[in-house]
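J.: how would this look folded up:
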Amino acid sequence: DNFKGINDLYGHSIGDRILLEVSARVTAHFDGCLCIRQGGDEFIVLTRSGDNTHNLNLCRNFLIQLNKPFVLDGLEFSIQASLGVVKHSKDGHKLDELLSKADMAMYEAKRLRCGFFAYSEGLQEKMQRTAMIERELLHAVEREEFFVVYQPQVDAHSKEIIGVEALLRWHNPSLGIVPPDEFITLAESVGLIHEVGFFVFETALTEFISVCHSTRKNKDKLRLSINVSVQQLFHPAFLRSISQLQKRHDCSSIELMIEVTESLFIEDVTHAKEILLALKEKNILTSLDDFGTGYSSLGVLGGLPISELKIDKVFVDNILNNNQDLQLIKSIINLGSGLGMSVIAEGVEQVEQADILSKNGCDLFQGYYFSKPLNKKDLITFMSR
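T.: Now for the predicted structure:
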């Protein structure tokens with residue numbers, strides 16, 4: 001996964017040495033199997049075993065072994081991969097057909113970020129849609145098919161609006177509304193994420209500053225939160241683009257915050273810290289999105305300039321009837337408080353959820369109980385009330 005990013009960041013000599021390490025781990029783990037480097041960063045393993053459980057366990061254990069860190073030139077790498085699995089006879093008879101279906105399953109594993117995925121009926125139609133999305137995505141910016149909506153964020157105690165999260169939406173004439181979880185990963189894989197991300201920043205700053213000027217006369221600043229992918233954050237032009245945007249827009253009425261996910265912790269943490277510190281110097285805050293679902297460790301978390309933890313919706317959904325999720329949320333709130341970070345819960349849809357979160361010290365809320373995502377016009381109306 002993200003091998004192109006490794007080549008871009010560290011050069012092809014490091015990339016080649018990583019391929020050698022991965023090749024050695026493939027050969028060592030899949031002992032007695034036929035192991036082939038297909039080309040680039042793709043490998044094929046053929047096993048005689050017809051036992052599905054055995055084969056899937058083989059994949060699962062390989063990913064664990066592959067993920068063990070190793071050091072090159074003083075840099076520590078922890079490699080992740082995506083595996084697609086097919087079975088002869090059940091999924092096809094000809095080699096080309098099996099390789100094609102294995103490829104589909106591998107891309108599905110990459111999209112779901114689940115490590116490995118076994119081919120199933122219906123995946124081919126799904127992949128055809130993915131191919132169409134990718135084709136249309138290449139021209140979506142120039143055709144002005146993207147737009148931005150804003151979901152209000154409120155103070156847990158006063159219920160006052162403290163800001164909004166900007167959310168990218170895409171309406172394509174052929175595909176209709178395409179959900180972000182279908183196209184964001186594709187935008188990363190085809191190298192469009194920086195262009196798409198720049199569109200979000202430009203549009204959100206223009207629109208939200210206008211909203212603030214028309215609704216918040218002489219009041220405190222409102223914050224504008226914008227999601228930034230790891231690939232986007234590490235792009236060589238990212239900091240320069242942010243500086244240009246700040247010069248072009250009067251940001252005196254807003255507080256700008258970026259939201260990054262915990263996948264940041266499996267990349268180059270040292271480099272990430274440098275970028276986040278550079279953003280902090282530009283008065284841009286950082287929120288850690290989907291907290292509790294990923295890879296963070298307390299040691300790393302405490303060393304990064306992060307001002308907010310965002311509790312993932314999956315925990316909020318079950319907070320009323322799942323004590324384990326409630327205890328986890330309490331731990332996140334206590335952790336945030338101990339590190340001097342505010343804590344925001346997303347996906348708050350019921351008053352009972354808001355009450356229990358507030359009772360346990362959550363600082364901020366976001367969700368349909370307060371407001372769905374709104375376009376600029378509706379946001380002005382909402383905030384004027």
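J.: so where's the stretch 101-250 of the chain uncertain?
T.: Counting by pLDDT under 70, the stretch 101-250 of the chain has low-confidence residues at 217-218.
J.: can you map out the strands along it?
T.: Secondary structure of the stretch 101-250 of the chain (DSSP state E, counting those that start in this stretch): strands located at 116-118, 146-155, 161-172, 176-178, 222-227.
J.: what packs against the longest one?
T.: Packing partners of strand 161-172 (3 or more CB pairs under 8 Å, 6 or more residues apart in numbering; DSSP states H and E): strand 146-155, strand 176-178, helix 180-189, helix 193-215, strand 222-227, strand 254-261. (Glycine included, C-beta is placed from N, CA and C.)
J.: Highest average neighbour count across those: which stretch is it?
T.: Looking across these with neighbours counted as mean count of other CB atoms under 10 Å, the highest average goes to strand 222-227: a mean of 22.
J.: partners of that one in the sheet?
T.: Next to strand 222-227 in the sheet, as set by DSSP bridges, lie strand 161-172 (parallel), strand 254-261 (parallel).
J.: And the first one, what's buried?
T.: Within strand 161-172, the residues that qualify as buried by neighbour count (16 or more other CB atoms under 10 Å) are 161, 162, 163, 164, 165, 166, 167, 168, 170, 172.
J.: what is the orientation angle of it with helix 180-189?
T.: 80 degrees (axes from the mean of the first three to the mean of the last three CA atoms, to 10 degrees).
J.: Now do strand 161-172 against strand 146-155: the angle between them, please.
T.: Orientation of strand 161-172 against strand 146-155 (the same axes, to 10 degrees) gives an angle of 160 degrees.
J.: Report the angle between strand 161-172 and helix 193-215.
T.: 130 degrees.
J.: quick check, distance from strand 161-172 to the centre of its chain.
T.: 15 Å (CA atoms, centre = their mean, to the nearest Å).
J.: cool, stretch 8-17 as well?
T.: 24 Å.
J.: For it, measure first residue to last.
T.: Across its full length, stretch 8-17 reaches 14 Å end to end, with CA to CA, to the nearest Å as the criterion.
J.: Just the mean pLDDT for that stretch, thanks.
T.: For stretch 8-17, mean pLDDT rounds to 87.
J.: Which residues outside that stretch are in contact with it?
T.: Identification of contacts with stretch 8-17 by CB atoms under 8 Å, 6 or more residues apart in numbering yields 3, 6, 7, 72, 73, 75, 234, 268, 271.
J.: Apply 10 Å and report the result again.
T.: 2-7, 18-19, 41, 70, 72-73, 75, 77, 191, 231, 234-236, 267-268, 271 (CB atoms under 10 Å, 6 or more residues apart in numbering).
J.: what about burial for the residues you listed, which qualify?
T.: Buried among the contacts of stretch 8-17 by 16+ other CB under 10 Å: 2-3, 5-7, 18-19, 41, 77, 231, 234-235, 267-268.
J.: Turn the strands of the stretch 101-250 of the chain into TSV, including distance to residue 55.
T.: Rendered in TSV, the data for the strands of the stretch 101-250 of the chain read as follows (distance: least, CB to CB, whole Å):
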stretch	distance to residue 55
strand 116-118	9
strand 146-155	41
strand 161-172	37
strand 176-178	34
strand 222-227	36
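J.: Which one, of these, ends up nearest to residue 30?
T.: strand 116-118 (13.2 Å; CB to CB).
J.: strands paired with the closest one, and their directions?
T.: Strands that pair with strand 116-118, judged by DSSP bridges, come out as strand 83-85 (parallel).
J.: Which single one of the buried ones among the contacts of stretch 8-17 is nearest to residue 88?
T.: For the buried ones among the contacts of stretch 8-17, the nearest to residue 88 is residue 41 (24.6 Å; CB to CB).
J.: Correct me if wrong: the closest one contacts residue 80.
T.: No - in this structure, residue 41 is not within contact of residue 80 by CB atoms under 10 Å, at 11.7 Å.
J.: Name the nearest residue to residue 127, ignoring sequence neighbours.
T.: Excluding its sequence neighbours, the residue lying closest to residue 127 (CB to CB, 6 or more residues apart in numbering) is residue 104, at 4.7 Å.
J.: which residues does that neighbour contact?
T.: For residue 104, the contacting residues are 84, 86, 117, 119, 120, 123, 124, 126, 127, 128, 130, by CB under 10 Å, 6+ apart.
J.: And the average pLDDT for the helix or strand residue 353 falls within is what?
T.: Here residue 353 sits within helix 351-359, counting by DSSP states H and E. The pLDDT scores in helix 351-359 average 96.
J.: Show me which residues of that helix are buried.
T.: Applying 16+ other CB under 10 Å to helix 351-359 flags 353, 354, 356, 357, 358 as buried.
J.: again, but for stretch 335-344
T.: Of the residues in stretch 335-344, those buried (16+ other CB under 10 Å) are 335, 336, 341, 342, 343, 344.
J.: Many thanks, we can stop here.
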